[in-house]
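Novice: here you go, sequence then predicted model.
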Amino acid sequence: MVCCVQCITLGFSMTTTVANTTPKASASDRDMFLGLLFPADEHRLYGYVTSTNIKLVLVVSDPAAVDRDIKKLFRSIHESYIALVSNPFYNPDSVIESKKFDSSMDALLVDTSKS
């Protein structure tokens, strides 16, 4: 996986910035992955929408990053988020303050920076 660690952190914190249009409901990853949303000079923005309408934006500064790797990263983030919200004590209207979720995000960033 080839992505900038700093940009992944920034992108995940921007969970509500995708336009209000969402793909048709489907179980496939292809429909959840919005692909390249905006190419800029030094960065590219990718989008992902979950079946529960949670929007994720990933800012990538590495021009060598490919869609396959971006999809894999989004799936991993989504799986970590599912584990978080499956906790009966989690309040969906609160800020994410889970050590387990933080450690899973840190692990993703470490894996990403090594590739």
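Specialist: Right, received. Where do you want to start?
Novice: can you classify the residue lying closest to V85 once chain neighbours are set aside by secondary structure?
Specialist: Using CB to CB, 6 or more residues apart in numbering and skipping residues adjacent in sequence, the residue nearest V85 is P92, 6.6 Å away. C-betas here are computed from N, CA, C, even on glycine. With DSSP: H, G, I helix; E, B strand; the rest coil as the basis, P92 sits in coil.
Novice: state the pLDDT value of P92.
Specialist: Reading off the confidence values, P92 has pLDDT 84.
Novice: count of residues packed around it?
Specialist: Using other CB atoms under 10 Å, P92 is surrounded by 9 other residues.
Novice: again, but for the one 4 residues further on
Specialist: As a burial measure, the neighbour count of I96 was computed by other CB under 10 Å and equals 15.
Novice: correct me, but L34 touches L45?
Specialist: No - L34 lies out of contact with L45 (CB atoms under 8 Å); the separation is 9.7 Å.
Novice: ok, S104 - how many residues close by?
Specialist: Neighbour tally, S104, other CB under 10 Å: 18.
Novice: ramachandran coordinates for it?
Specialist: phi -70, psi -40 (degrees, to the nearest 10).
Novice: please name the nearest non-neighbouring residue to it.
Specialist: Once flanking residues are discounted, S104 sits nearest to S80: 4.3 Å by CB to CB, 6+ apart.
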